[in-house]
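Starting from these lines, generate the structure:
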Amino acid sequence: MPQIIPIRDLKNTGAISQMCQESTEPIYVTKNGYGDMVIMSMKIYKEKLFMHNLYDKLAQSEADVAAGRTQNAKSSLQRLREKHNV
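Have a look, this model is predicted:
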C-alpha cells in the first residue's frame, strides 16, 4: 500500500529517511491535499531504473521481431566463432 505524507512532514528528515529505507515503494508527498512529489531510497530507485531499462530493451526486441529484423541463431553463432577463432 502506498505511503502518503504531507509536505510539512519533510521537516523530520531522519524519520523520512528511515521510512524510505524501510519501504519497497515510493512515498508520495502532498501539498495542500494534492500530489506534489515522490521520494524513495537510492536502492529502490536503482531497482526501478534497472527494470525500466530492461522493459525498454524487451520492447525494442519485440519490435525487431515484429518487423522481421532477426537472424538465424546457428549461422550467427558460427560467424562469431569464426571471427573470434573459437
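
what kind of secondary structure is G14 in?
Under DSSP: H, G, I helix; E, B strand; the rest coil, the three-state class of G14 is helix.

Show me where this protein has its strands.
Using DSSP state E, the strands of the chain run over residues 3-6, 27-31, 34-39.

tell me the most buried of the ones you listed?
Most buried of the strands of the chain, by mean neighbour count (mean count of other C-beta atoms under 10 Å): strand 27-31, with a mean of 16. For glycine as for every other residue, the C-beta is placed from the backbone atoms N, C-alpha and C.

and that one, which strands flank it?
strand 3-6 (parallel), strand 34-39 (antiparallel) (DSSP bridges).

Would you convert those strands into CSV that also reports mean pLDDT and distance to L77?
Below are the strands paired with strand 27-31 laid out as CSV (pLDDT from 0 to 100; distance: least, C-beta to C-beta, whole Å):
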stretch, mean pLDDT, distance to L77
strand 3-6, 96, 49
strand 34-39, 97, 44
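
will you turn these into a markdown table that also has distance to M51?
Converted to a markdown table, the strands paired with strand 27-31 look like this (distance: least, C-beta to C-beta, whole Å):
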| stretch | distance to M51 |
| --- | --- |
| strand 3-6 | 20 |
| strand 34-39 | 16 |
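
Can you check which of the ones you listed gets nearest to S75?
Comparing these against S75 with C-beta to C-beta, the closest turns out to be strand 34-39 (47.5 Å).

in the helix ranked longest in the chain, what's buried?
For the chain, the helix with the greatest residue count under DSSP state H is helix 42-66. For helix 42-66, a neighbour-count test (16 or more other C-beta atoms under 10 Å) marks I44 as buried.

pLDDT of that helix, averaged?
What helix 42-66 shows for mean pLDDT is 97.

same deal with stretch 12-24?
95.

Buried residues of that stretch, list them for me.
Here stretch 12-24 shows I16, M19, C20 as buried, counting by 16+ other C-beta under 10 Å.

which residues make contact with it from outside it?
Contacts with stretch 12-24, where a contact means C-beta atoms under 8 Å, 6 or more residues apart in numbering, come from Q3, I5, D9, L10, I27, I39, M40, S41, K43, I44.
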